[in-house]
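1. please work out how this folds:
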Amino acid sequence: MSADLSGFVRAHARLAPVPHVPELQLYQAAEPIGLWELTEGEFRSEQPPPFWAFAWAGGQALARYLLDHPDTVAGLRVLDLATGSGLVGIAAARAGAAAVRAVDVDPVAGAAAGLNATANQVPLQVVTGDALAGDHGDAQVVLAGDVFYSEAMASRVLLFLLTAAADGARVLVGDPDRAFLPRGRFTELAGYRVPVPVALESVSQRHARVWQLRPPVRRPTRGLA
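-> Okay, the predicted model is just below:
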């Protein structure tokens, strides 16, 4: 973990309990827009603020579900896709997963996830890179919180998740009814009213659901099955 990146996380976020999952704590930013300007310089819906700095509704819902239903991951190998803060992966580790690999394309997210895992005293294998360019590896369970926030991202994520499901992995997604979630491909497992930052969501709570992806009839190749 880069000392510079870890220092950046500590300088711009503080360790605090997760609103809907108070058993866990994360380094969270108090002022989202200022941090966004510091890291990218512009606030756009197509590319949201740094995922690592906030407990997003979908991730909170999925983490809550894992802690309430530890048999979902207990003793299994888990992949946390687009981990952001590491919240979902940390919840999986706390629920008894045999191993958790947390992947994110953002190096700062990797640093934050590592710090958060240490703060919660759980093992987490943090990997920085574009997981969507590869496959789910040996993961028996694939988790993804709040990944359907843009059309371009949703298309790549869905193909990755369908391929994992076709190969036998159980795929669970946490999502607060984002516009690009392909609901018809999922079965709802649970729903929660989740506290969220008003500055990001324009409301103080979002209804976030946990979904299980139904495996495709055939393994997708170029197009979606």
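
2. low-confidence stretches in the chain?
-> Residues of the chain meeting the criterion pLDDT under 70: 1-2, 31-49, 221-225.

3. just the strands in it please.
-> With DSSP state E as the definition, the chain shows strands at residue ranges 14-18, 21-28, 77-81, 99-104, 125-128, 141-145, 170-175, 186-195, 205-213.

4. contacting residues around the longest helix along the chain?
-> When the chain is scanned for its longest helix (criterion: DSSP state H), the result is helix 151-166. Helix 151-166 is contacted from outside by 46, 79, 81-82, 131-132, 135-136, 139, 142, 144, 147-148, 171, 173, 180-182, 185, 213-216, 218-220, 224-225, using C-beta atoms under 8 Å, 6 or more residues apart in numbering. Glycine gets a C-beta too; all of them are placed from N, C-alpha and C.

5. derive a PyMOL selection command for the buried subset of these.
-> A single PyMOL command selects the buried members of the contacts of helix 151-166 (16 or more other C-beta atoms under 10 Å):
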select buried, resi 79+81+82+131+132+136+139+142+144+147+148+171+173+180+181+182+185+213+215+220+225
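
6. ok, and the closest non-adjacent residue to the spatially most central residue of the chain?
-> Nearest to the mean C-alpha position of the chain, by C-alpha atoms, centre = their mean, lies G145 at 3.5 Å. Leaving aside its chain neighbours, G145 sits nearest to G59 (3.2 Å; criterion: C-beta to C-beta, 6 or more residues apart in numbering).

7. and for A13?
-> In this structure, A13 finds its nearest non-sequential neighbour in Y27, 3.9 Å apart by C-beta to C-beta, 6+ apart.

8. I appreciate the help and will end here.
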